[in-house]
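# Got a sequence here, can you model it:
(2 chains)
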Amino acid sequence: MLKLNAACVSYKGKAALTNVSLHVQAGQKLALVGHSGSGKSSLLKLLYDKQDSSPKSTALIPQEYGLVQNLSVFHNVYMGQLGNKPGWYNLLNLIKPLAEPVTAVSEILKSLQLKDKIFEPVAQLSGGQQQRTAIARALMHSGDILLADEPVSSLDESQSLLVMKLLCSQFETIIFSLHDVDLALKFCDRVIGLQRGQIVINASSESLNRTELLKLYDE
Amino acid sequence: MTSNTYTYRHSKRWKVSWLFVFIAIACIPLADLNISTYDPLEELGRLFSGLLQPTFNGITEPLDAILQTISFALLGVSFGSLMGFLLALIFHFRFVRVLCALLRSVHELFWALIFLQIFGLHPITGLLALTIPYAATFAKVYAEILEEGDHLAYDAIHKHTGFISAFFYARLPDLWHHFVTYTSYRFECGLRSSAVLGFVGLPTLGYYLNTAFLEGQYSQVWALLILFYILIASIRYWVRPRLLPIYLLIAPFTIVNDSTISFDNVARFFTHDIIPSPIRHNQSPAQFFQWFSDLFQNEALPGIINTLLLTQLALVMTGVVALLWLPFISNLFFDRFGRTVGHGFLVVVRSTPEYILAFILLTLWGPSMLPAAVALTLHNGAIIAHLMGRYSNKLTLRPDRSAGFNLYFFEVLPRIYGQFLAFLFYRWEIIMRETAILGILGIATLGFYIDSAISDIRLDKAMILIAITAILNVCVDSLSRYIRSKLKLKSTVECS
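Modelled structure (predicted):
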C-alpha cells in the first residue's frame, strides 16, 4: 500500500533519512519510535508526499497541528472535508455555521470530549485542546490511511488512550510517530525504530519488549 | 450539558468590518458618482492609444522634469529626516507630539498652496512643503524606533558618558538599520510627493504632466509616466548610501529658480492676509461670529460631509480590492510567471500617485466622486495587496491543506485578516488626507473650498478651512488608533 525503497532525504545538506526501505500493507498499524531528530517526522512527510495517487484517502495529523488560530474549533474541524463540498457551500458555512456540518462536527468533538469548545476560537484553547482539534479534523477527513505525527504528545494518559483507541477504530491503516513506547506496543502491530535517520528496528510488536525499545533512547 | 446549547458568535473584527461596509453602502446614494463627460469610452481609447506611441516631442526637456523631481525629493526628504530626528529626541514632550500630529495632518499640497502665497514660485515653497510634513512623520516613526529598541546598553553607560557618546555607541549602531530602511522607504514617497507638487506650478513632473494632459497630448503623458515608473523601480540601483552626499551637494544647484522672494509679500501674509476679515476691519464680535458661521455652513460643512463620504467609500473599496489582488503575488496561488505579471501590475498602480490617477480619471469621466474614489482605491488597494501578498508568503501551512478557493477562505484569509485590518485602518487617515486634497481637482471635498478660497484671495478663509481639515485628520487618526487597540491589531509603520 505504501512503499519506500532505499529512500534518502536531506535538509540543507544534512541527511535526515538514509537508505530507508519500508513496506506498509493495508490494515497495518505501524509505530515509528526514536529520539526527536531521529527522522520520524521526515519519514512521515516522505510517506505523505509519495502517495500521490489518491491523497484524498489519506488523513494527516501534523506535529504542529496546522490550525487556523482565528477560526473556531468548528471551522477548523470542518476543514477536514473542504474538498467534498462545492465552494459556495463552504463559504456559506464559513459565514454562518450550517446545521448539517454542525451536527457532524459535534459528533466527532463529543467523542474527543471537546464538544463544549465547538464555537471557541482555536487561539483560546490549551495545547491539549488544540491537539484534539487537529485530531478531530483528521477524523472529519476520514479515509483509508492516517499519518499521525505525535498525535497524543500534549494529552494526559487517559485522553491518550481514548484518542489512540478512537483513531485505531476509525482508520484501517495507520502510521504513528510516537515517543511513548508503551502506546506503540499496545496499539500497533509493527514497530519501526529509527536512529540517526536509519531504520534499526523493524519487527512485530509481539516479538519486542519495552526494554529493547527504550535502548533507542539511551544514547 | 445538552446538545445545541452552544451558539456561534462572530468575532469583533467581523462585526467591525461589516459596520464599515454598511456605512460605505449608506454613503453611496449621498455621493455624486456620475460620469459627466460626453463620451468617456472614446476618451479612454484615445488615452490608451497614446500608450502605443509614447513620445517626448514637444516637451522641452523631459529629463529636466525628472531631475527637478529628484532634487526636490532629495532635499525635502533629507531636511525632513534631519529635523525629524532632532524632534524624535524630544518626542516625549507632549507639546512636540501634538505639534507633529498637527503638522502631519496637513497634506504637502496644502502646505505648498500656503507657501505659494508667501514665497511665490520660489523653490523654498516646494522644499518647505515637503520638509514640514515629512519631518513630522519622521519624528513620530523615529521616536517609535528609539522607544522599541534595546535600552540596556545605553542605561549601563550613559551615567558616566555624555548623552552624545552614549547615544552613538549604545543606541545608534543597533537601530541604524531601522532608520535607513524607513528613510529610504520614505524617499520613494518623497519622489511621488515631489512629482505631484508640479500640479500647483513647481517645475517637477506634475507640471509637465498637467500641460501634456490639458493639450490632449496623450503620447507625452505616457512617456512621462513611463519615465517616472522607471525612476521609481530603479531606486535601489541609484540610491546608494555612498552616493547620497554627492547627490545632496549637487541637488541645490540643479533646482531651477527664476523668482525672488518679496519680503513685502511675506510680511503682508502674516500681518494682513491671514487675519480673519472681520478682525481686519475692526468689526464687532457678533459680526465675526456671523462671518465664521457663514464660512462653516456654506463651505466647511459641505466640505467635511463630502470628505467623509468619499473617505468611507474609498476605504472599503480599497479593502475589497486589496483582498481580491493579494493572491496574484502570493506563491500559494500563482506560479512564478503569474506572480511576475501580478507584481508588475501592482508596481505600476501603486507607483502612480493617487492625485495623478484621479487627475487622469477625472479628465476621462468628468468631475464627480467616482474618479476620485477609483483613484484612491487603485493606489491604496495596490499598496495593501502588495504588503499582504508578501505577508501570505511567510505563512506556514499544513501539508494536507486544500487549494484554490478553499485555501484562500479557510486557511489564508483568517490568518492574515488581523494584519490586513491593521494596514487598512492605518491607511484610513492617509486616505482622508488624500480625499481632501483631491478637492483641488474639482470634487467638492474640503480641498475644493480651500482651493477656491485661495483663488479668490481670501486667505483668511483658506487658513481656517485648512485648520478644520487638519483637525478632522487628527480625529480620524485617533479613532483609527482606538479601533486598532480594541481589535488588538498590531499597528505597523509604512509609507503614505
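# quick one: contacts for B:Tyr208?
Counting by CB atoms under 8 Å, 6 or more residues apart in numbering or on different chains, B:Tyr208 makes contact with B:59, B:62, B:65, B:198, B:220, B:224. (Glycine included, C-beta is placed from N, CA and C.)
# In helices only, show me those.
Applying DSSP state H to these, the entries found in helices are B:62, B:65, B:220, B:224.
# Adding neighbour count and pLDDT, write these out as JSON lines.
Shown next, in JSON lines, are the ones in helices among the contacts of B:Tyr208 (neighbours: other CB atoms under 10 Å in any protein chain shown; pLDDT from 0 to 100):
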{"residue": "B:Pro62", "neighbour count": "19", "pLDDT": "75"}
{"residue": "B:Ala65", "neighbour count": "23", "pLDDT": "85"}
{"residue": "B:Gln220", "neighbour count": "23", "pLDDT": "83"}
{"residue": "B:Leu224", "neighbour count": "26", "pLDDT": "87"}
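# strand partners of the helix or strand that contains A:Ile201, parallel vs antiparallel please.
Take DSSP states H and E as the rule and A:Ile201 turns out to sit in strand A:198-204. The pairing partners recorded for strand A:198-204 under DSSP bridges are strand A:190-195 (antiparallel).
# List of residues touching the strand it pairs with?
For strand A:190-195, using CB under 8 Å, 6+ apart, the contacting residues are A:22, A:28-35, A:38-40, A:43, A:184-185, A:199-205, A:208, A:213, A:216, A:219.
# do the same with stretch A:63-70
Contacts of stretch A:63-70 (CB under 8 Å, 6+ apart): A:41, A:75-76, A:79, A:121-123, A:130-131, A:133-134, A:137, A:149-150, A:153, A:177, B:11, B:396-401, B:410-411, B:414-415, B:417-418.
# now the contacts of strand A:190-195: which count as buried?
A:22, A:28-34, A:38-40, A:43, A:184-185, A:199, A:201, A:205, A:208, A:213, A:216 (16 or more other CB atoms under 10 Å in any protein chain shown).
# Skipping adjacent residues, who's closest to A:Thr18 in space?
Spatial nearest neighbour of A:Thr18, chain neighbours left out: A:Gly197 (5.0 Å); criterion: CB to CB, 6 or more residues apart in numbering or on different chains.
# rewinding a little: just the contacts of strand A:190-195: which are in helices?
Reading helices off those with DSSP H, I get A:40, A:43, A:184-185, A:213.
# And those residues, which two are furthest apart?
A:Leu43 and A:Leu185 (19.2 Å; CB to CB).
# which stretches of the stretch 351-496 of chain B have low pLDDT?
Residues of the stretch 351-496 of chain B meeting the criterion pLDDT under 70: B:491-496.
# give me phi/psi at the residue of it found nearest chain A?
Relative to chain A, the nearest point of the stretch 351-496 of chain B is B:Arg398 (2.6 Å; CB to the nearest CB). When quoted as degrees, to the nearest 10, the phi and psi of B:Arg398 stand at phi -70, psi 150.
# Quick one, grab the pLDDT at the closest residue to it other than its chain neighbours.
Leaving aside its chain neighbours, B:Arg398 sits nearest to A:Gly66 (2.6 Å; criterion: CB to CB, 6+ apart). Per-residue confidence (pLDDT) for A:Gly66: 86.
# In a strand, A:Gly66, correct?
No. Counting by DSSP: H, G, I helix; E, B strand; the rest coil, A:Gly66 is not part of a strand but coil.
# B:Thr271: neighbour count?
Number of residues near B:Thr271 (other CB atoms under 10 Å in any protein chain shown) recorded here: 10.
# Can you classify it by secondary structure?
Classified using three-state DSSP, B:Thr271 is helix.
# and it, how far is that from chain A?
Using CB to the nearest CB, to the nearest Å, we find B:Thr271 at a distance of 59 Å from chain A.
# Quick one: residues contacting that residue.
Contacts of B:Thr271 (CB under 8 Å, 6+ apart): none.
# Farthest-apart pair in the ones in helices among the contacts of B:Tyr208, please.
B:Ala65 and B:Gln220 (10.8 Å).
# Touching, B:Ala470 and B:Leu99? I think so.
No. Counting by CB atoms under 8 Å, B:Leu99 is not a contact partner of B:Ala470; they are 11.6 Å apart.
# Neighbour count for these two, which is higher?
B:Ala470 (21 against 14).
# contacting residues around the closest residue in space to the more buried one that isn't next to it in sequence?
Counting by CB to CB, 6+ apart, B:Ala470 lies nearest to B:Ser105, which is 4.2 Å off, once chain neighbours are set aside. The contact partners of B:Ser105, by CB under 8 Å, 6+ apart, come to B:429, B:433, B:469-471, B:473-474, B:477.
# Around chain B, pick out the residues from chain A.
Residues of chain A found near chain B (CB under 8 Å from any CB of the partner chain) are A:45, A:48-49, A:55, A:58-60, A:62, A:64-66, A:68-72, A:74-75, A:79, A:82-83, A:87, A:90-91, A:94, A:96-97, A:106, A:115-116, A:118-119, A:121, A:141.
# from those residues, which ones fall inside strands?
Of the residues of chain A next to chain B, the ones assigned to strands by DSSP state E are A:58-60.
# wait, which of those is closest to chain B?
Of these, the one sitting nearest to chain B (CB to the nearest CB) turns out to be A:Leu60, at 4.2 Å.
# what stretches of chain A score poorly on pLDDT?
A:52-56, A:219.
# Indicate the residue of it located nearest to chain B.
A:Gly66 (2.6 Å).
# any idea how far A:Ser204 is from that residue?
A:Gly66 sits 32 Å away from A:Ser204, going by CB to CB, to the nearest Å.
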